[in-house]
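A.B. asks: Quick one, what's the 3D model for this:
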Amino acid sequence: MLKNNKRRSLALILISLVSLTLVLAGCGKPQAAAATANSTGTTVLKVGATPVPHAEILEFIKPALAKEGIDLKIVNYTDYVRPNLDLDSGEIDANFFQHTPYLESFNKDHHLNLVSLTNVHIEPMGVYSKKITNLDQLKNGDTIAIPNDPSNSGRALALLAKAGLIQLKDGVGISGTVNDISGNPKQLNVTPIDAPQLPRVLQDPKINAAVINTNYALEAGLNPTKDSLFTEDKDSPYANILVVKDNRKDDPALQKLAKALTSPEVKKFIEDKYKGSIVPAF
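C.D. replies: Residues are numbered from 1 along each chain as shown. Take a look at the predicted model:
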């Protein structure tokens, strides 16, 4: 009887080892992550966004997504770095805060594989000031602050060049740095600063003007169409995009999110709420 029990125990151990081997073998190939589902069967999507206008637009589409069986959870960020890092690590399912040049630069610098699902809107970048009411009033040696991240600093320098304040080396385009300034008639001090801080530095006595991204301008109560001294044309190529990991670009829930963000209802919402300071890009 004792021997039979030992045989049964050995058999069970062997079966367990075989089962474990099969499970581990099945884990050999990485699987694309899928959106999670809660206890009611509703799909939960966590989307990172900066507060204005991205989170506001996401809030607007929550009811429509709920009808599609998607519970949209909005995660607010106040910087341009964590949303992409958290997306790559799986903390969030998508993010909505950036344009394509920034994404391409970030992917390259951090060795990531994040992709755009769709264009949503354009936020024209503008030059703002609390000291002057016209760019002609800038004096020799005055200071202009610009965003310090690579793609937005290049974009800001291109805007200053278009405004006639500086000249850039030929062929630089949107990839310019302060070292690419080839002409500076008023010897302006162009100073890179963290993008979220730019509205605040307008109060600094040492800062005469700042080039500010529209989302941060809106958060500070600045309207690009009314308050900026110079702004990008409305045909700016810098469309803000919905971004996901490459291995999830075909996820049905994320495809529904992209469709909701580019609906006629969202187009009307953007036009009515932001009155030209933000323009639909679809």
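A.B. asks: I144 reaches A209, doesn't it?
C.D. replies: Yes. Counting by Cβ atoms under 8 Å, I144 touches A209, with 4.8 Å between them. Where C-beta positions appear, they are placed from N, C-alpha and C, glycine not excepted.
A.B. asks: So which bits of the longest strand seen in the chain are buried?
C.D. replies: Taking DSSP state E as the criterion, the chain has its longest strand at strand 114-122. Buried residues in strand 114-122, counted by 16 or more other Cβ atoms under 10 Å: 114-122.
A.B. asks: how much distance is there from it to the middle of the chain?
C.D. replies: Remark: strand 114-122 is offset 9 Å from the chain centroid, using Cα atoms, centre = their mean, to the nearest Å.
A.B. asks: now do stretch 165-177
C.D. replies: 24 Å.
A.B. asks: again, but for stretch 189-196
C.D. replies: With Cα atoms, centre = their mean, you get 19 Å for stretch 189-196.
A.B. asks: same question, stretch 198-217
C.D. replies: Mean C-alpha position of stretch 198-217 versus that of the full chain (Cα atoms, centre = their mean) differs by 20 Å.
A.B. asks: cool, and stretch 192-202?
C.D. replies: Computed by Cα atoms, centre = their mean, the chain-centroid distance of stretch 192-202 equals 17 Å.
A.B. asks: List the buried residues for it?
C.D. replies: Applying 16+ other Cβ under 10 Å to stretch 192-202 flags 192-193, 195-196, 198-199, 201-202 as buried.
A.B. asks: Just the helices from the protein, written as ranges.
C.D. replies: Using DSSP state H, the helices of the chain run over residues 2-26, 56-67, 82-89, 100-110, 150-162, 198-201, 214-219, 224-227, 252-261, 264-274.
A.B. asks: Spit out the residues that contact I144 and A209 alike.
C.D. replies: Common contacts of I144 and A209, defined by Cβ atoms under 8 Å, 6 or more residues apart in numbering, comprise 127, 138.
A.B. asks: quick one, which of these two is more surrounded?
C.D. replies: Higher neighbour count among I144 and A209: A209, with 26 against 22, using other Cβ atoms under 10 Å.
A.B. asks: I'd say the more buried one and S129 touch.
C.D. replies: Yes. Between A209 and S129 there is a contact under Cβ under 8 Å: 4.0 Å.
A.B. asks: Now do the shared contacts for those two.
C.D. replies: By Cβ under 8 Å, 6+ apart, the residues touching both A209 and S129 are 202, 229.
A.B. asks: Tally up the residues packed near D79, please.
C.D. replies: By other Cβ under 10 Å, the burial measure for D79, its neighbour count, is 12.
A.B. asks: got it, and the one 4 residues further on?
C.D. replies: Burial of P83, expressed as a neighbour count using other Cβ under 10 Å, amounts to 28.
A.B. asks: looking at it, it is touching N95, isn't it?
C.D. replies: Yes. With contacts counted by Cβ under 8 Å, P83 reaches N95, the gap being 4.2 Å.
A.B. asks: and G164, how far is that from T133?
C.D. replies: 17 Å (Cβ to Cβ, to the nearest Å).
A.B. asks: Which pLDDT value goes with K6?
C.D. replies: pLDDT, K6: 46.
A.B. asks: for S105, what are its contacts?
C.D. replies: 149-151.
A.B. asks: Same question for R82.
C.D. replies: Here R82 is in contact with G48 (Cβ under 8 Å, 6+ apart).
A.B. asks: can you count the residues close to the closest residue in space to G164 that isn't next to it in sequence?
C.D. replies: Once flanking residues are discounted, G164 sits nearest to L135: 7.9 Å by Cβ to Cβ, 6 or more residues apart in numbering. Neighbourhood size, L135 [other Cβ under 10 Å]: 16.
A.B. asks: looking at it, L135 is touching V211, isn't it?
C.D. replies: No. Contact criterion Cβ under 8 Å: L135 and V211 do not qualify, at 11.4 Å.
A.B. asks: Now do the shared contacts for those two.
C.D. replies: V127.
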